[in-house]
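Asks: Generate coordinates for the sequence data below:
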Amino acid sequence: MGMMVLPGLAGAAVTDADAGAAKAILLRSIGFRTVEGAGQVPALAAYYADILKRAGFADADIVITPIGETATLAATLPGSDPKLKPIALIGHMDVVAANRADWTRDPFAPVEEGGYIFGRGSEDNKYDVAMMVATLARLKQEGWRPRRTVILLLSGDEETDMKTTRALAAKYKDVELLLNGDGGGGLLDEGGKPVLYQLQAGEKTYADFEIGFTDPGGHSSAPTPGNPIYRLARAIDRIAAYRFPPMRNELTRASLSLSADRIGGEVGDAMRRYAQNGDSAAAELLSTRPEFVGQVRTTCVATMVAGGHALNALPQSARVSVNCRIFPGVKIEEVKAALSKAVADPGATVTTLGDPLASDASPLRADVLAAVRDAVKARGKDIVVMPAMSSGATDSLYFRALGVPSYGVSSLFMKAEDGFAHGLNERVPVAGIPASLDQWDRVVRKLAE
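Replies: Next up is the predicted model:
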């Protein structure tokens, strides 16, 4: 598939040709099987580089860096004022695995059907990557010259090890801010009308811990008081009963306040009271609701257990895996210490799994809020725009940890029932492509002017 021309004068409205080109980029992108181990990320990066070079990007302004079997891409649109720090756009080229036997269609053979584009990665994250690539190609062809340099960064293993993300964050830690196409986004009502947009300005830290218990064991006919499985059971009960203290920040106060009227009733009133004054009773009420507890406090939950080695022997060991979603600004070691205290077993070991990284929420910058709000409301003046904190990690994590203000500003609007990221028959609506291009165009122009 050849590069489709992205015409237009500076500031011109998105044309049918622009939307067609962006759709073509998305369709072609899905065809690259960029799952872990397939070695296809560098090929996809080369495809994007070709699009940008055809639009006028100099070879020297596009850098593809291999990292293992994957890669990163960095494309720079130079600004006119070298004293101003650049802004960066980021997305990821890799996708989670998909089993062909489970899908109605081949997950890596993109299909447009019934107003949707189907394929693995269509939502996460190739839709917004395609929109960003198309937008920068269009701006370059127009001859647009921003005051601030604009850098497109694409990572290659966001869904797995995030080594490429760490490399990009280390290299571009001095940018003014990061706009992430893999966070935030909009909601369509049942009739397809855009009604709500969330600007993601913070993420909870993901961390796994393993709590272990050991004992010499022995014959099952002679029970001992140190049985690791019994100790494990008591520990799980204590973890289930433990509550981390309620917390608020600028982000959650804003999002809860704006959500209160939409939710209404007792829960809406609790959201309003907690946002305003940290009311403890309101916090407890919200914590009984799975959809809101994550906005109020750190949460830890037992997810896997293992123990024993024979039916007729006392267990020599037992362990439980505990997954935590940690409120921004809270240290991982503090959560580990709290779990150890809650378990209240001097013989228990608490081990941090992997190498989790904590990051604080980004400030709700007036310039970012204004740019995003104006761009989103161009899609519909009644759309409610609100800040949001997500429970999952994105590429923004590593930039926030280095002090870079980072914001999830996906241009994808979807119906609630259409969200299939990481799931079967992943799909995105075609009708939103022109508005998505317009949104990216407005946000980039405003923040780079």
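Asks: CA only for contacts and neighbour counts going forward, please
Replies: OK.
Asks: what separates stretch 153-168 from the chain centre, distance-wise?
Replies: The chain centroid and the centroid of stretch 153-168 are separated by 12 Å under CA atoms, centre = their mean, to the nearest Å.
Asks: Just the buried residues of that stretch, please?
Replies: When burial is assessed from 16 or more other CA atoms under 10 Å, stretch 153-168 yields the following buried residues: 153-159, 162-168.
Asks: what comes up buried for stretch 185-205?
Replies: Of the residues in stretch 185-205, those buried by neighbour count under the rule 16+ other CA under 10 Å are 185-188, 194-205.
Asks: next one: stretch 383-400
Replies: Applying a neighbour-count criterion of 16+ other CA under 10 Å, one finds 383-390, 393-400 buried in stretch 383-400.
Asks: what do you get for stretch 439-449?
Replies: Neighbour-count burial for stretch 439-449, counted by 16+ other CA under 10 Å, picks out Q439, W440, D441, R442, V443, V444, R445, K446, L447, A448.
Asks: and that stretch, how far out from the chain's middle?
Replies: 21 Å.
Asks: which residues in the stretch 51-200 of the chain form helices?
Replies: 127-142, 163-171 (DSSP state H, counting those that start in this stretch).
Asks: Quickly compare those helices and say which is most buried.
Replies: When you average the neighbours per residue for each of the helices of the stretch 51-200 of the chain (mean count of other CA atoms under 10 Å), helix 127-142 leads with a mean of 25.
Asks: Please name every helix or strand in contact with it.
Replies: Other elements packing on helix 127-142 under the criterion 3 or more CA pairs under 8 Å, 6 or more residues apart in numbering; DSSP states H and E are helix 16-30, helix 41-54, strand 87-92, helix 433-448.
Asks: Out of the ones you listed, which is the most enclosed?
Replies: For the helices and strands packed on helix 127-142, average neighbour numbers computed from mean count of other CA under 10 Å are highest in strand 87-92, which has a mean of 25.
Asks: got the contact list for that one?
Replies: The list of residues contacting strand 87-92 from outside it, by CA atoms under 8 Å, 6 or more residues apart in numbering, reads 125-126, 128-129, 132, 148-158, 175-182, 395, 447-448.
Asks: Any stretches of the protein with poor pLDDT?
Replies: Within the chain, the segments meeting pLDDT under 70 span 1-12, 419-423.
Asks: residue nearest the centroid of it?
Replies: Central residue check for the chain by CA atoms, centre = their mean: the C-alpha nearest the mean position is that of T394, 3.6 Å away.
Asks: you'd agree that one is up against G184?
Replies: No - distance between T394 and G184: 10.8 Å, which falls outside the contact criterion (CA atoms under 8 Å).
Asks: give the contact list for Y398.
Replies: When contacts are counted by CA under 8 Å, 6+ apart, Y398 touches T165, R166, A169, L357, S359.
Asks: Let me know the helix or strand that it is in.
Replies: Remark: Y398 resides in helix 396-401, with elements defined by DSSP states H and E.
Asks: I'd like the next helix or strand past that helix.
Replies: Heading C-terminal from helix 396-401, the first helix or strand you meet, by DSSP H and E, is strand 406-408.
Asks: I'd like the next helix or strand past that next one.
Replies: For strand 406-408, the following helix or strand on the C-terminal side (DSSP H and E) is strand 413-415.
Asks: contacts for that following strand?
Replies: Contact partners of strand 413-415, identified using CA under 8 Å, 6+ apart, comprise G185, G186, L187, L188, D189, E190, G192, P194, V428, P429, G432.
Asks: do stretch 292-301 as well
Replies: Residues beyond stretch 292-301 that count as contacts (CA under 8 Å, 6+ apart) turn out to be 239-240, 243-248, 252, 283, 286-287, 322-327, 389, 391.
Asks: returning to that earlier point: between the buried residues of stretch 383-400, which is nearest T352?
Replies: Sorting the buried residues of stretch 383-400 by how near they are to T352, with CA to CA, puts A393 at the top with 17.5 Å.
Asks: Which residue, other than its chain neighbours, is closest to the closest one?
Replies: The spatially closest residue to A393, leaving aside those adjacent along the chain, is E203, at 6.3 Å (CA to CA, 6 or more residues apart in numbering).
Asks: check contacts around the one you found.
Replies: Counting by CA under 8 Å, 6+ apart, E203 touches F327, P328, S359, D360, A361, M389, S390, S391, G392, A393, L397.
Asks: who's in contact with the second one?
Replies: The contact partners of P328, taken as CA under 8 Å, 6+ apart, are G202, E203, K204, T205, A358, S359, D360, A361.
Asks: Greatest separation within the residues you listed: which pair is it?
Replies: Greatest spatial distance in these: G202 and A358, 11.1 Å, computed using CA to CA.
Asks: Would you agree L178 is in contact with P405?
Replies: Yes - L178 sits in contact with P405 when judged by CA under 8 Å, with a separation of 6.3 Å.
Asks: okay, and the common contacts of those two?
Replies: Listed as contacting both L178 and P405 by CA under 8 Å, 6+ apart are F399.
Asks: So between these two, which is more surrounded?
Replies: Set side by side, L178 and P405 show more neighbours around L178, with 26 against 23, by other CA atoms under 10 Å.
Asks: distance of that one from N227?
Replies: From L178 over to N227 the distance is 51 Å, taken as CA to CA, to the nearest Å.
Asks: and what of S410?
Replies: Using CA to CA, one obtains 51 Å as the distance from S410 to N227.
Asks: Cool, thanks, talk later.
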